[in-house]
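Engineer: Please find the sequence and the predicted model below.
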Amino acid sequence: MGHDLVIRNGSVVDGTGSEAIEADIAVDGDRITAVGVIEGRAKEEIDAQGHTVTPGFIDLHTHLDAQIGWDPDLTPVSWHGVTTALFGNCGVTFAPVKSTDHEFLAEMMETVEDIPKKAILHGLPWDWESYGEYLDSIQAMQPSINIAGLVGHCAVRFYVMGERSVEESATDEDIKEMKRVVAKSVKEGAVGFSTSRFLGHFLPDGRHVPGTHAEDKELIEIAKTVGDLGGMMQAAIDFGSIDREMNLLKEQARQNSRILFSTAGGGTHEQGDLFDAKVREFQAEGLDITGVTVPRSGGGVWGFSTGNFWRTREWTKLAGMNFGARMAAIEDPVIVADLVASVEAKPELMKMCRRIYWLGDGHHPNYARERNDNLVALASAANEHPVETFIRMAKESNGQALFHARGFSVNLDSLQKMLQTDWVLPGLGDAGAHVSQIMDAGWATFTLSHWYRNKQIWNLPETIRRLTDAPARVLGLGDRGRIAVGQKADINVIDVDRVAECMPEHVTDFPFGAPRLIQRAVGYKATVCNGGVILRDDELTGTRSGTVIR
């Protein structure tokens, strides 16, 4: 018997941006050992005739830090061709941590990322203090895909400063100790450091998370430490102060650090142009900065099956009911009248109706409706109030109608313009976070189905490069993101003409029956991670061949 695995007869798009070639790929152990015509039979074979063979996709922004404790398959990203996921974004991580502070970090993750505290505290072993010990614990969980981790500012600051970390400036001694802890974390395997300056990230008591208002010198000093060790800096910025935030990122980049920041691509052309101009300043200095954005509108999944609605007393009461009770309630005309009136009474909620879009009644959601093809337009066509339309469609679908409440990147034209710059990569699906509210984890599948297949804003080699080799470079990975001899065997076999996201689903498979949204995909014939076939014909195989990348 020859090679461990051979993928035959595929159209190989290698991740570098080069044109496709017809070739076989041989894998032995966790490496690609040959690309070309492969003779002889292998222990395992995949016939890729009529399919595109690519490197595995790399997800630069997840919050799967907790979920891995009870779902080492790391769904839904593992259904969407992702073979490497970056944990620890936005400063919120579970290490380093003292034994007395587990609850603080769990509560912070719950309020910032909507991951249930009870699930975090009981679903993870908490058998670590340092970041390296946390990575050891993750490795023992045998993930299905690869994990790279950032050490978070919130955890580091609280570890060093305790309660002072929330609102006080760091002293020189505090900064020195934070630099020591960060250096230790990177030496033990963290690929870099993350922070949040986003003013929407709170602790349970309403204060901003540690590090939100840290002085510039603190971040610049940490960036120097990280840069000296070859690591990266990730940031969730304050969108209300773009000039200031980008200037601070520039100072961090000058410390020899690679910068990754989260951006919203579809606000306005003006906002996108401002980001672009600031990044051009970085590039003129030879600095390394990359933005990541959801490649479609990001937002909540609304409907009677999810329980996500307008925030009024009447709708909140409805959300607190089980599904059957919700459906029964809207048979009462008095309750319906109150639900309509509660939204009608608040102009901001009426305005919000213009950002709510029906996902359709097929197997695949429509995330690309024109801006005016919204709930208000549906209501106008039916001569109804938008809330009446929302309720009627729930009744007609037995409660299964789903709507996308766009929160950011609403303007798809502005988003397209930003995606076509040379410094923005698709991503920011937030997998593992906001689990009962949003479902953007299918971003890679959407990139292929919409931006490549439907809109053709890039050719296929460039589309694949942005999903593979480009994010691998950001992470500093030289042995992933490309199809080539010697590279790690992270590979997708895809039916590009058919690949698509499935409708979001509401399930209760988190610990203690906590709910979450999931989303499957079609068109993935196979996904290989480190030589192990983890997915065949859109279904996970049970093989868990991922590893912690240090």
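Structural biologist: Arrived safely, thanks for sending.
Engineer: Helix or strand for Gln234, just tell me which one.
Structural biologist: Assigned by DSSP states H and E, Gln234 belongs to strand 232-236.
Engineer: Restricting to C-alpha, output that strand in CSV.
Structural biologist: Taking Å, rounded to 0.1, in the frame of the first residue of the first chain, the C-alpha atoms of strand 232-236 are listed here in CSV:
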residue,chain,number,x,y,z
MET,A,232,0.7,39.7,16.4
MET,A,233,-1.6,42.3,18.0
GLN,A,234,-5.4,42.0,17.6
ALA,A,235,-7.8,44.8,18.4
ALA,A,236,-11.5,45.5,18.6
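Engineer: Show residues contacting that strand.
Structural biologist: Outside strand 232-236, the residues that touch it by C-beta atoms under 8 Å, 6 or more residues apart in numbering are 86, 89-91, 150, 191-198, 201, 219, 222-223, 226-227, 245, 249, 252-253, 257-262, 474-476. To be clear about C-beta, it is placed using only N, CA and C from the backbone, and glycine gets the same treatment.
Engineer: Give the rounded mean pLDDT of that strand.
Structural biologist: For strand 232-236, mean pLDDT is 98.
Engineer: And the next helix or strand past it?
Structural biologist: helix 242-253.
Engineer: tell me the angle of that following helix relative to strand 232-236?
Structural biologist: 160 degrees (axes from the mean of the first three to the mean of the last three C-alpha atoms, to 10 degrees).
Engineer: List the strands paired with the helix or strand just after helix 242-253, with their directions.
Structural biologist: Going down the chain from helix 242-253, the next helix or strand is strand 258-262, by DSSP H and E. Under the criterion DSSP bridges, strand 258-262 sits next to strand 232-236 (parallel), strand 289-293 (parallel) in its sheet.
Engineer: Need the winner for burial among the ones you listed.
Structural biologist: strand 232-236 (a mean of 26; mean count of other C-beta atoms under 10 Å).
Engineer: quick one: that one to chain centroid distance?
Structural biologist: Taking the mean of its C-alpha atoms, strand 232-236 sits 14 Å from the chain's own mean (C-alpha atoms, centre = their mean, to the nearest Å).
Engineer: List of residues touching stretch 204-212?
Structural biologist: Stretch 204-212 has contacts (C-beta under 8 Å, 6+ apart) with 91-92, 107-108, 110-112, 153-154, 157-158, 161, 165-167, 195-199, 201-203.
Engineer: Point out where the protein drops to low pLDDT.
Structural biologist: Regions of the chain meeting the criterion pLDDT under 70 cover residues 1, 265-269.
Engineer: Doesn't Val112 belong to a helix?
Structural biologist: Yes: applying DSSP: H, G, I helix; E, B strand; the rest coil, one finds Val112 inside a helix.
Engineer: What about it, how many residues nearby?
Structural biologist: Residues lying near Val112 (other C-beta atoms under 10 Å) number 23.
Engineer: Is it correct that it is in contact with Phe202?
Structural biologist: Yes: between Val112 and Phe202 there is a contact under C-beta atoms under 8 Å: 7.1 Å.
Engineer: And the strands in the stretch 351-500 of the chain?
Structural biologist: With DSSP state E, counting those that start in this stretch as the criterion, the stretch 351-500 of the chain has strands at 356-358, 403-408, 424-426, 491-494, 500-501.
Engineer: quick one: Asp273 and Lys417, what's the gap?
Structural biologist: Distance of Asp273 to Lys417, computed by C-beta to C-beta, to the nearest Å: 8 Å.
Engineer: For the two, indicate the residue with more neighbours.
Structural biologist: The neighbour comparison of Asp273 against Lys417 (other C-beta under 10 Å) goes to Lys417, with 18 against 13.
Engineer: Quick check on the residue lying closest to the more buried one once chain neighbours are set aside: phi, psi?
Structural biologist: Excluding the flanking residues, the one nearest Lys417 by C-beta to C-beta, 6 or more residues apart in numbering is Gly272, at 5.8 Å. Phi and psi for Gly272, reported as degrees, to the nearest 10, are phi -60, psi -40.
Engineer: what's the burial count for Gly272?
Structural biologist: Gly272: 25 neighbours (other C-beta under 10 Å).
Engineer: And Tyr452, by the same measure?
Structural biologist: 21.
Engineer: show me what contacts Phe446?
Structural biologist: Pro295, Arg296, Tyr367, Glu501.
Engineer: Same check on Gln271?
Structural biologist: Taking C-beta under 8 Å, 6+ apart as the test, what Gln271 contacts is Ile242, Ala264, Ser414.
Engineer: What helix or strand is it located in?
Structural biologist: helix 269-284.
Engineer: I'd like to know how far Leu448 sits from Glu331.
Structural biologist: Leu448 is 42 Å from Glu331, by C-beta to C-beta.
Engineer: what about the two, which has more around it?
Structural biologist: Leu448 (28 against 9).
Engineer: all strands of the stretch 51-200 of the chain, in order?
Structural biologist: Counting by DSSP E, counting those that start in this stretch, one finds strands in the stretch 51-200 of the chain at the ranges 52-55, 57-59, 82-87, 146-152, 192-196.
Engineer: who does the third one touch, helix- and strand-wise?
Structural biologist: Okay, so that is strand 82-87. strand 57-59, strand 146-152, helix 469-475, strand 524-529 (3 or more C-beta pairs under 8 Å, 6 or more residues apart in numbering; DSSP states H and E).
Engineer: Please save the CA atoms from that strand in PDB.
Structural biologist: Output of strand 82-87 as PDB, limited to C-alpha atoms (Å, rounded to 0.1, in the frame of the first residue of the first chain):
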ATOM      1  CA  VAL A  82     -12.400  25.900   8.400                       C
ATOM      2  CA  THR A  83      -9.300  23.900   9.500                       C
ATOM      3  CA  THR A  84      -7.700  26.500  11.700                       C
ATOM      4  CA  ALA A  85      -9.500  28.900  14.100                       C
ATOM      5  CA  LEU A  86      -8.100  31.800  16.000                       C
ATOM      6  CA  PHE A  87      -9.300  31.900  19.700                       C
END
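Engineer: Off-centre distance for it?
Structural biologist: 9 Å.
Engineer: Verify the contact between Gly300 and Gln437 for me.
Structural biologist: Yes: counting by C-beta under 8 Å, Gly300 touches Gln437, with 5.0 Å between them.
Engineer: overlap in contacts of these two?
Structural biologist: What both Gly300 and Gln437 touch, as defined by C-beta under 8 Å, 6+ apart, is the set Asn308.
Engineer: which other residues reach stretch 96-110?
Structural biologist: Residues outside stretch 96-110 that contact it (C-beta under 8 Å, 6+ apart) are 63, 65-66, 92-94, 115-117, 120-121, 126, 128-131, 134, 151, 154-156, 158-159, 181, 185, 203-204, 209.
Engineer: Okay, buried residues for that stretch please.
Structural biologist: Neighbour-count burial for stretch 96-110 flags Pro96, Val97, Phe104, Leu105, Ala106, Glu107, Met108, Met109, Glu110 (criterion: 16 or more other C-beta atoms under 10 Å).
Engineer: distance between the ends of that stretch?
Structural biologist: Distance across stretch 96-110, first residue to last, is 18 Å (C-alpha to C-alpha, to the nearest Å).
Engineer: hey, C-alpha coordinates of the helix holding Gln271 in PDB?
Structural biologist: Extracted in PDB, the C-alpha atoms of helix 269-284 (Å, rounded to 0.1, in the frame of the first residue of the first chain):
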ATOM      1  CA  HIS A 269     -18.600  54.800   1.700                       C
ATOM      2  CA  GLU A 270     -17.200  57.700   3.800                       C
ATOM      3  CA  GLN A 271     -16.300  55.400   6.700                       C
ATOM      4  CA  GLY A 272     -14.800  52.800   4.500                       C
ATOM      5  CA  ASP A 273     -12.700  55.500   2.700                       C
ATOM      6  CA  LEU A 274     -11.500  56.800   6.100                       C
ATOM      7  CA  PHE A 275     -10.300  53.300   7.100                       C
ATOM      8  CA  ASP A 276      -8.700  52.900   3.700                       C
ATOM      9  CA  ALA A 277      -6.800  56.200   3.900                       C
ATOM     10  CA  LYS A 278      -5.500  55.400   7.300                       C
ATOM     11  CA  VAL A 279      -4.300  51.900   6.300                       C
ATOM     12  CA  ARG A 280      -2.500  53.500   3.200                       C
ATOM     13  CA  GLU A 281      -0.500  55.500   5.700                       C
ATOM     14  CA  PHE A 282       0.600  52.300   7.400                       C
ATOM     15  CA  GLN A 283       1.500  50.700   4.100                       C
ATOM     16  CA  ALA A 284       3.500  53.800   3.100                       C
END
